[in-house]
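**Q** Got a sequence here, can you model it:
(chains A and B)
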2 protein chains.
Amino acid sequence: MTLLFISNSDDPDRWREGLGRALPDLEVRVWPEIGRAEDIRYALVWKARPGILAGLPNLELIQSLGMGVDHIFVDPELPATVPVARLIDQDLVRQMSEYVLAMALRHHRRLDEYDRIQQTGDWRRLAMPDTGATRIGILGLGEIGAPIARLFAELGFAVAGWSRTQKSIPGVESFRGAAGLSNFLARTDILVCLLPLTKVTKNILDKTAFARLPKGAYIINLARGQHVVEEDLLAAIEAGHLSGAALDVFRTEPLPKDHPFWAHPKIRITPHIAGITNPATAVAQVAENIRRVRAGHQPLNLVDRTQGY
Amino acid sequence: MTLLFISNSDDPDRWREGLGRALPDLEVRVWPEIGRAEDIRYALVWKARPGILAGLPNLELIQSLGMGVDHIFVDPELPATVPVARLIDQDLVRQMSEYVLAMALRHHRRLDEYDRIQQTGDWRRLAMPDTGATRIGILGLGEIGAPIARLFAELGFAVAGWSRTQKSIPGVESFRGAAGLSNFLARTDILVCLLPLTKVTKNILDKTAFARLPKGAYIINLARGQHVVEEDLLAAIEAGHLSGAALDVFRTEPLPKDHPFWAHPKIRITPHIAGITNPATAVAQVAENIRRVRAGHQPLNLVDRTQGY
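**A** Modelled structure (predicted):
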């Protein structure tokens, strides 16, 4: 019973230790030290190089190290029949909630403007925003989006969400499909992107989408860089149509040194830190999925390959 | 039936209009246009000049325009037997919750540090804070403090509160009294001051209190400037014992031009905007109190003069 760990950004020792405690008979190997490829039954992966998984003939589970699985489906040689599972780590959901609340409230309560006023030494009040009239729009009402939508509703904001299928969340207006997207954007002051990256959602935030948002709208993206057409975002901010953006993800990461986002006064950059899988809380879910696959059951959070998430 | 409105920072026209709709027979006069002092039955006040209320012989209600009533009790000639009422505006509670969440999460998720890193153009990750091990401490578990404590508990923080009397809030550890204060401070990483200003709480945040906080603790004050000994706060930050502060209130407001807080890189200043009474939501409570006093009943949110809030 052997698992292959493949990631350049997660700590293999913490995972080996946690999985060893949960499943004492599991052998953990860390890529590139594969050993006999035939031994590997489970792959725990983050951005594995394309082709690696195809070289494991007895693979029974491909477990993502994160919520997203787009990094798995970019592999053209991905084994077609091995189940792929997402990791829905509640600690990561909580981290992302904190990030969205922090960025949205900082914008809503004009704290960046107050920081600039502080620099001038002026005691000057800005108009108090009206929370009940401020419309939060969550793109993606899944495992992360739904609890965040509920939090904003509880705080008194006017909240809506857009997703592939209709959702029913108390206090949250639900939009779906292409027609729904246009109406959803037209009523959104603070747009939060939490979508999975799929063929349908790639480049969803482009100049057409930005033009549908009301003047002054603000963008928060902590999903994937490929959701946003970066030139279009920059143009919409430069034109004064959007008031700014808080971005945790980018089309190229690390964000290139010469990228215009770095020095833009209306763009806040964080280096993909909104949510980071924590082995301490996530190991139980991976161990459970290995147990399930061993027993011939479906893993938790199995990905629907036709939808890509 | 005449009400006297006394405030330099609230809009008398919005109040006159709202009260006029709720109580059509109420005459509203705006200080200093008092007219016949004997007519005045109700005073709606924010920082009235000492002695004004003593000149109103038929006063039946002193209604604060805000949550705090310290501005009323500074008047040495305050009529001794007229009931004083606080205004517990749910919209103001919501505003203060937003402010505390925004400031606490900005500090917790190290967003100011990320802003500085952005200026250097570096893609550099800081250690992810552990929310469950981050101890929020709320000074004052009343009408504002209790719901804010609940919010932080729901977000997964370790939350405690300190108040005059023991409180029972699920997920929130309750401390009380002088001995409790010391233990409360010793376990607090992010201290939020929401106390009423009374003889007991004035200067409560002094060098003794700061020394009890663990190294790296952060201060958020949106109660009153007089809770904080400002030189002691500055010294504790300069010494590296405290990591910084977000301050909405000051001993002197507007904060004097030459005050050292203005240019301090670890102090965030906002000009007393955390919560602003909104006539649109607050007028109903003032109208209800006038109806109650007319009917011979106690007003809502009656102040206990022995406690000062």
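**Q** Show residues contacting the helix or strand hosting A:Asp115.
**A** Assessed by DSSP states H and E, A:Asp115 sits inside helix A:111-120. Here helix A:111-120 makes contact (C-beta atoms under 8 Å, 6 or more residues apart in numbering or on different chains) with A:105-106, A:124, A:126, B:102-103, B:106, B:262, B:268-271, B:273. C-beta here means a position set from N, CA and C on the backbone, and glycine is covered the same way.
**Q** Those, buried ones only, as a ChimeraX selection?
**A** Here is the ChimeraX command that selects only those of those that count as buried (16 or more other C-beta atoms under 10 Å in any protein chain shown):
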select /A:105,106 /B:102,103,106,262,268,269,270,271,273
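**Q** Please flag which of the contacts of helix A:111-120 sit within strands.
**A** Counting by DSSP state E, the contacts of helix A:111-120 place B:268-269 in strands.
**Q** what's the most distant pair in the contacts of helix A:111-120?
**A** Spatial extent of the contacts of helix A:111-120 (C-beta to C-beta) is set by the pair A:Leu105 and B:Trp262 at 23.5 Å.
**Q** quick one on the thing from earlier: beyond the helix holding A:Asp115, next helix or strand please.
**A** strand A:135-139.
**Q** Show me what that following strand is packed against.
**A** helix A:145-154, strand A:158-163, strand A:190-193 (3 or more C-beta pairs under 8 Å, 6 or more residues apart in numbering or on different chains; DSSP states H and E).
**Q** what's the most buried one of those?
**A** Of the helices and strands packed on strand A:135-139, the one with the most neighbours on average (mean count of other C-beta atoms under 10 Å in any protein chain shown) is strand A:190-193, at a mean of 26.
**Q** hmm, who's touching it?
**A** The contact list for strand A:190-193 (C-beta under 8 Å, 6+ apart) reads A:100, A:104, A:107-108, A:134-140, A:145, A:148, A:185, A:205, A:213, A:217-223, A:227-228.
**Q** one step back: same list (the helices and strands packed on strand A:135-139) but as JSON lines, adding mean pLDDT.
**A** Output for the helices and strands packed on strand A:135-139, formatted as JSON lines (pLDDT from 0 to 100):
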{"stretch": "helix A:145-154", "mean pLDDT": "97"}
{"stretch": "strand A:158-163", "mean pLDDT": "98"}
{"stretch": "strand A:190-193", "mean pLDDT": "98"}
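**Q** residues from chain A in reach of chain B?
**A** Counting by C-beta under 8 Å from any C-beta of the partner chain, chain A comes close to chain B at A:94-95, A:97-99, A:101-103, A:105-106, A:108-109, A:111, A:114-115, A:117-118, A:121, A:123-126, A:128, A:131, A:155-156, A:253-255, A:257, A:262-263, A:268-273, A:276, A:278.
**Q** Derive a ChimeraX selection command for the buried subset of the residues you listed.
**A** Buried residues among the residues of chain A next to chain B (16+ other C-beta under 10 Å), as a ChimeraX selection:
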select /A:94,95,97,98,99,101,102,103,105,106,108,109,111,114,117,118,123,131,155,156,255,262,268,269,270,271,272,273,276,278
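**Q** rewinding a little: what's the spacing between the helix holding A:Asp115 and its chain's center?
**A** 30 Å (C-alpha atoms, centre = their mean, to the nearest Å).
**Q** Rounded mean pLDDT for it, please.
**A** Helix A:111-120 comes out with an average pLDDT of 97.
**Q** Report the backbone C-alpha coordinates of it in CSV.
**A** C-alpha atoms of helix A:111-120 as CSV (Å, rounded to 0.1, in the frame of the first residue of the first chain):
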residue,chain,number,x,y,z
LEU,A,111,-9.8,52.1,5.0
ASP,A,112,-7.3,52.6,2.2
GLU,A,113,-8.7,56.2,1.7
TYR,A,114,-8.4,56.8,5.4
ASP,A,115,-4.8,55.6,5.3
ARG,A,116,-4.0,58.2,2.6
ILE,A,117,-5.8,60.9,4.6
GLN,A,118,-3.7,59.9,7.7
GLN,A,119,-0.6,60.6,5.7
THR,A,120,-1.7,64.2,5.2
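**Q** List the contacts of A:Gly35.
**A** Counting by C-beta under 8 Å, 6+ apart, A:Gly35 makes contact with A:2, A:29.
**Q** give me the element it is part of.
**A** Per DSSP H and E, there is no helix or strand for A:Gly35.
**Q** got the phi/psi numbers for it?
**A** Here is the backbone geometry of A:Gly35 (degrees, to the nearest 10): phi 70, psi -150.
**Q** where along chain A do the helices fall?
**A** With helices called from DSSP state H, chain A shows them at A:12-22, A:70-73, A:90-108, A:111-120, A:145-154, A:177-186, A:207-212, A:230-238, A:279-294.
**Q** sorry, back to before: which among the contacts of strand A:190-193 end up buried?
**A** For these, a neighbour count by 16+ other C-beta under 10 Å gives the buried set as A:100, A:104, A:107-108, A:134-140, A:145, A:148, A:185, A:205, A:213, A:217-223, A:227-228.
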